[in-house]
Every structure is written in structure tokens, then in C-alpha cells.
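Trainee: The sequence and its predicted three-dimensional model are supplied below.
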Amino acid sequence: MDEVHSTDRARRRARLIKLGGVTAGVAAAALALSACSSSSNSSSSGGTGGASGGSGKKVGVSLILKTLSNPYFVSMEKDAKTAASQNNVDLSVAAGKTDGDTQTQIAAIDNAISRGDKGILITINGDAVNTEISKARQAGLYVIALDTAPTPPSIVDITYATDNEQAGKLIGQYGAAKLNGQKATIAMLDLFNTQVVSVDIQRDHGFLEGMGIDPGSKTENGKEAKTGHYTAGKGGDYEVACHQPTQGDIPHGKTAMENCLSANSNINVVYTINEPAADGAYQALQAAGKAKDVTVLTIDGSCKYVKNYVGSKFAADSAQYPGKMASLGVESIAKLANGGAKPTTSNGLSFFNTGTNLVAKDAMSGVTSQTPDEAAKDCWGSS
């Protein structure tokens, strides 16, 4: 019996030694595979200082846009996706059904919280989203507003945007210079007349300030004196013929301009909140036989309008860079999620300024501008 037990014990020891060798080999192979996987993730981080981290886990980020019917926001989506692929970010995209649709945005914020995303990039449709943004921040998400600072700005962690007031000032200065002292009969084609959105106020007020007209309020449109004297350029008399909402699109821009012409057929300067609104306004002016007599001024800087409209249908356009806002936002959250520093505002501003440039075919004395060809190098969207 002792010999049998001794033999059995010897056989068992041999089997254990053999199994141990196999286990060690599997473990070594797994370790090698893990090392290869880590190297692959690191090399795809796009030089972001280790955005993917040692764990190789993706960073969840939500991009919540106003709409996807406006090429401006489509450009944000495109560049955000590019930045996400370079920074090991799992990007979720949502958008309102129309400009001003806050309910869809609120639902998207809730979804970001539920998924456990690290951050949110949002072009805010209105103040109704503020409560939900506060919930997201309380849950630990870092929230960056794009393009439009919320009211109040402290609702988000930081805003990446064009200086919209400066963009408005640039086209106002250009319009005043082009008038050369003539009376300005002005149509103001805003975004809304039913809700307050900071980009609407900033661009509207910036234009008036650029013309040398006091906006009359820091928080509302339409509070300027309706007649008076503009001081920019050579200066001259002015009359504000109308304030009309456009919802930032072509059909409503056309209707708004038609309403303004009905109120005053002598309009010779048209301020518009954005390019689609300006496009609609031009169509109405053309139909009324007045397109050659009116200076149309706008803001956005898309390839379509910079290349095909500035100098022919629009007198001037303030270019901004939405893709830059979105891509920088993605990079910032990726870095922050992996131990990087929080982004900071630009010197002297309450937001991070992504820049603006005036675009005009005909240069005006005292106003710095780019030609359409120069601006086309940095424009966004398809032409």
C-alpha cells in the first residue's frame, strides 16, 4: 500500500509541475497582449499628453447641439468626431429638433448623467436647460458651453466661443464706414423676440455699438433710440425701421425682411443674426427690386457664404470658427478626465475666445478685414 501511495504522489507532483508551466505560459502571453493593447491606445491619443490613460478606457463625452439643420452645428459635430477619434473619446451626439428646443437638450443631459459621461459640450437653446446643467455638474460632469454663454455664465464650467459682441461690432463698423455719412435706415433681423439668448443680444448690441449707437440696455434687444445720430465712420443720422425674429433660418429671414420692407421701404442697411437669415433677407430684397441698394451685414463665416455671397450679395461677414470650439472642448475634457488641468478663460474675458475676423471684398478705410479668398482658408462647412 505504501509503494502505491508513494507512486501516486509522484505522479500527482509531475502533473502539477506540468500544469504550472502551462499556466505560467498563458499568463506571460496575456501580459504581452496587454502591453501591445496599451501601446496601441497610447499611439492613437493624438499627442494629447496621455488622454487615453494607462487603463485604455475611453472617456465619455456628450455633444449637445442646438440643431443639426444648420451647417454651423454640423461643422461642430464633424470636428468634434475627429477630435474624439484622436483623444480616445466615446462621443455621443444629440441635437434639438429646432433652434430653441430646450426639452430635447434636457433629455440629452439626463442621458449623459445616466451613462456616466465625464463631460458635456453644449450649444444652449435657452435658460430652461440651466437646472439640468446644474444637476450634471453636481454629478461630477465637466460642462463646456460652445458658441453661446448661458445666462448666467457661471451655470457652466467654461464657455468656448467667438466674442459675439466683437463680431457684431466689426460688421457695424464696416456698415458705418460704407455709408460715408449717409443716413442709415436700419433693419435689425434678430434671432428671437420670444426668448432671451445671449448670442442674440451680443451680436445685436455689438452691431449697434460698431455703428456708434447706444443699445439702450445690456440685457434686451430693441431698447435703442429708434432715431438719432450714429458716430462711427463719418457719422450721420439713423433710423431703426424694425426688429424682426428670424429663428436663424432662410424662410424666416425672408419673411422678416418682407415685414421690414412693408414697414419702411427706404431701408438701406440690414443687420442679420447669421448667414441663413441674411440669405433669406437678400431673397426678399431681390424680389422687391432693392438688393443693389441695400448693405447686408451678417455673422458666421461658412465656406458657402464666404466664397459665394460676400462681395456680391453680402457686403461683409464676421467669420467665426465653430469646429475649433468643439474640437478644443473634446480635447479639454479628455485631458481633464486623465488628470490634466482645467481650461482657463482668455485674458480679460469671461470665456475662452476662439477668434473672429471681418470678411469683405471691398476694404473700408479704418476697418481691418480679410478678403473672401483669405477667409476661405479657414472657413467651415461645404461650399
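Mentor: Here it is on my side, so go on.

Trainee: Just give the closest residue to Gly119, not the sequence neighbours.
Mentor: Closest residue in space to Gly119, ignoring its immediate chain neighbours: Ile333 at 3.6 Å, by CB to CB, 6 or more residues apart in numbering. Yep, even glycine has a C-beta here, placed from its N, CA and C like the rest.

Trainee: Helix, strand, or coil at the one you found?
Mentor: Per DSSP: H, G, I helix; E, B strand; the rest coil, the local secondary structure of Ile333 is helix.

Trainee: who's in contact with it?
Mentor: Val59, Val61, Val89, Lys118, Gly119, Leu121, Tyr142, Ile144 (CB atoms under 8 Å, 6 or more residues apart in numbering).

Trainee: cool, Gln370 as well?
Mentor: So Gln370 contacts Ala319, Asn357, Leu358, Val359, Ala360 (CB under 8 Å, 6+ apart).

Trainee: Filter those down to the ones in strands?
Mentor: Under the assignment DSSP state E, the contacts of Gln370 contribute Ala319, Asn357, Leu358, Val359 to strands.

Trainee: which of these has the most neighbours?
Mentor: Per-residue neighbour counts (other CB atoms under 10 Å) across these peak at Val359, which has 29 neighbours.

Trainee: Who does that one form a beta bridge with?
Mentor: Beta-bridge partners for Val359, by DSSP bridges, are Asp317, Gln370.

Trainee: That one against Ala316, yeah?
Mentor: Yes: at 6.6 Å, Val359 counts as touching Ala316 under the criterion of CB atoms under 8 Å.

Trainee: Check the contact lists of those two and give me the overlap.
Mentor: In contact with both Val359 and Ala316: Val310, Ser369, using CB under 8 Å, 6+ apart.

Trainee: Need the phi and psi values for Ile144.
Mentor: phi -120, psi 120 (degrees, to the nearest 10).

Trainee: Please tell me how far the residue nearest to Gly119 sits from Ala112.
Mentor: 11 Å (CB to CB, to the nearest Å).

Trainee: which residue packs closest to Asp204, ignoring adjacent ones?
Mentor: Asn221 (4.8 Å).

Trainee: Find the residue ranges of this structure scoring beneath the pLDDT cut-off.
Mentor: For the chain, the stretches flagged by pLDDT under 70 are 1-56.

Trainee: Could you list the domains of it?
Mentor: With domains defined by automatic domain parsing, the chain comprises 59-162+323-344, 164-319+356-375.

Trainee: Now the terminal residues of the longest one, how far apart.
Mentor: Looking back up the chat, that one is domain 164-319+356-375. 18 Å (CA to CA, to the nearest Å).

Trainee: residues touching Ser327, list them.
Mentor: Ser327 neighbours (CB under 8 Å, 6+ apart): Asp79, Ala80, Thr82, Ala83.

Trainee: do Gly381 as well
Mentor: So Gly381 contacts Pro71, Tyr72, Val74, Ser75, Ser302, Cys303, Lys304 (CB under 8 Å, 6+ apart).

Trainee: Could you rerun that using 7 Å?
Mentor: Pro71, Val74, Ser75, Ser302, Cys303, Lys304 (CB atoms under 7 Å, 6 or more residues apart in numbering).

Trainee: Relative to Asp79, how far out is it?
Mentor: 11 Å.

Trainee: Then Asn87?
Mentor: 12 Å.

Trainee: Which residue of those two possesses the greater neighbour count?
Mentor: Asn87 (28 against 21).

Trainee: Tell me how far the more buried one lies from Thr148.
Mentor: 24 Å.

Trainee: all helices for the stretch 101-250 of the chain, in order.
Mentor: Taking DSSP state H, counting those that start in this stretch, the helices of the stretch 101-250 of the chain run over residues 102-115, 130-138, 164-179, 198-211, 250-263.

Trainee: burial of Ala287, as a residue count?
Mentor: 13.

Trainee: Got the phi and psi for it?
Mentor: Dihedral angles for Ala287 - degrees, to the nearest 10 - are phi -60, psi -30.

Trainee: what's the spacing between it and Pro251?
Mentor: In terms of CB to CB, Ala287 sits 13 Å off from Pro251.

Trainee: Val330 too?
Mentor: Counting by CB to CB - Val330 and Pro251 are separated by 33 Å.

Trainee: what about those two, which has more around it?
Mentor: The residue with more neighbours, out of Val330 and Pro251, is Val330; 28 against 14, by other CB under 10 Å.

Trainee: what about Gly60, is that helix, strand or coil?
Mentor: Applying three-state DSSP: Gly60 is strand.

Trainee: which ones are touching Gln283?
Mentor: By CB under 7 Å, 6+ apart, the neighbours of Gln283 are Lys254.

Trainee: can you give me the offset of the helix or strand containing it from its chain's centre?
Mentor: Gln283 is part of helix 275-287, with elements assigned from DSSP states H and E. With CA atoms, centre = their mean, to the nearest Å as the basis, helix 275-287 stands 24 Å off its chain's centre.

Trainee: Tell me what angle it forms with helix 250-263.
Mentor: For helix 275-287 against helix 250-263, the angle by axes from the mean of the first three to the mean of the last three CA atoms, to 10 degrees is 50 degrees.

Trainee: just checking, what packs against the helix or strand that helix 275-287 is followed by?
Mentor: Next helix or strand after helix 275-287 toward the C-terminus (DSSP H and E): strand 295-300. Applying 3 or more CB pairs under 7 Å, 6 or more residues apart in numbering; DSSP states H and E, one finds that strand 295-300 makes contact with helix 164-179, strand 269-272, helix 275-287, strand 316-319.

Trainee: That's all I had, so thanks and see you.
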